[in-house]
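Q: Fold the stuff below for me.
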Amino acid sequence: MPGQTVLITGANKGIGYETARQLGQLGYRIWLGSRDVDRGADAAAALKAEGHDVREIAIDVTNDESVRAAAGRVRQEDGILDVLINNAGVLGDMTRAPSEYPISAIKDIYEVNVFGSIRVTQAFIPLLKASKRANIVMVSSGLGSLGWLSNPTNTNYGFNLLGYNTSKNALNGVMLVFSKELAEAGIKVNAADPGYTKTDFNGHTGHRTVEQAAKGIVELATLDDGGPTGGYFHDGSPVPW
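A: Next up is the predicted model:
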């Protein structure tokens with residue numbers, strides 16, 4: 001909505017960038033989060049050229065100091081945040097068998113996909129509570145659905161990724177516990193499955209466009225008072241846990 005603010009992590013390209021574009025079209029002021037300062041600046045400049053209200057912000061979700069600094073900047077310049085989208089994520093090695101996956105590599109995936117989302121959410125809760133109606137979106141995956149992964153007829157069944165899949169299982173749980181805590185404050189927290197989207201993230205092997213993927217995230221980011229919380233959705237429909 002016009003005048004509202006949103007911070008998106010990992011937004012310098014792919015789904016995060018398109019989400020920023022779509023929310024910019026709705027009149028949101030965008031905090032475009034990126035670990036790489038130069039790439040973030042380039043992405044923000046491109047969106048500004050389209051007429052959107054965008055400010056790049058450095059944020060490495062794996063680094064406490066970086067996240068605190070980002071929250072401090074938003075506090076100083078806006079004093080409020082209406083929407084937080086935890087989009088930053090890593091895929092890890094898609095070729096290694098679960099029995100051969102190094103614990104260190106799994107920890108690296110969790111540090112971004114799980115702990116990073118927790119770290120960012122905790123840092124921005126005070127600013128979200130300052131909003132009259134705030135939304136948090138965890139960008140999950142269909143590969144986080146135990147229901148789909150255990151169904152041989154589902155297209156996700158064949159992706160048996162120890163690090164990535166279980167990190168998204170965990171992220172869904174993170175979303176749920178935050179939704180319970182923040183319900184009293186009027187903050188809605190939901191998880192979005194953007195689907196198998198063609199981006200750098202997966203070597204452009206996906207079949208969905210970033211426009212399609214971002215639409216479902218934007219819907220959850222713009223929920224009104226009557227919207228759901230504690231849910232897991234793909235294109236507006238519930239995903240089995």
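Q: roughly how far apart are the nearest residue to A192 once chain neighbours are set aside and A88?
A: Nearest residue to A192 in three dimensions, chain neighbours excluded: I217, at 4.7 Å (CB to CB, 6 or more residues apart in numbering). Just so you know, the C-beta spots here come from the backbone N, C-alpha and C atoms, and that holds for glycine as well. As judged by CB to CB, to the nearest Å, I217 and A88 stand 13 Å apart.
Q: Would you check that the residue nearest to A192 makes contact with V83?
A: No: at 10.2 Å, I217 does not count as touching V83 under the criterion of CB atoms under 8 Å.
Q: Any idea how many residues pack against E181?
A: Using other CB atoms under 10 Å, E181 has 11 neighbouring residues.
Q: what's the helix or strand it falls within packed up against?
A: If you go by DSSP states H and E, E181 is part of helix 162-182. Packed against helix 162-182 by the contact rule (3 or more CB pairs under 8 Å, 6 or more residues apart in numbering; DSSP states H and E) you find helix 103-110, helix 117-129, strand 134-139, strand 187-192.
Q: So G163 sits against I109, correct?
A: Yes: counting by CB under 8 Å, G163 touches I109, with 4.1 Å between them.
Q: shared neighbours, these two?
A: Among the neighbours of G163, those also in contact with I109 (CB atoms under 8 Å, 6 or more residues apart in numbering) are G92.
Q: if I've got this straight, I15 is in a helix?
A: Yes: counting by DSSP: H, G, I helix; E, B strand; the rest coil, I15 is found in a helix.
Q: any idea how far it lies from N151?
A: 25 Å.
Q: Which of these two has more residues huddled nearby?
A: In this view I15 and N151 are compared by other CB under 10 Å, and I15 has more residues nearby, 29 against 13.
Q: pretty sure the more buried one contacts I217?
A: Yes: I15 is within contact range of I217, at 7.2 Å (criterion: CB under 8 Å).
Q: Now the common contact residues for the two.
A: Counting by CB under 8 Å, 6+ apart, the residues touching both I15 and I217 are N87, V139, P194.
Q: burial count for the second one?
A: To tie it back to what came earlier, the one meant is V139. Neighbourhood size, V139 [other CB under 10 Å]: 28.
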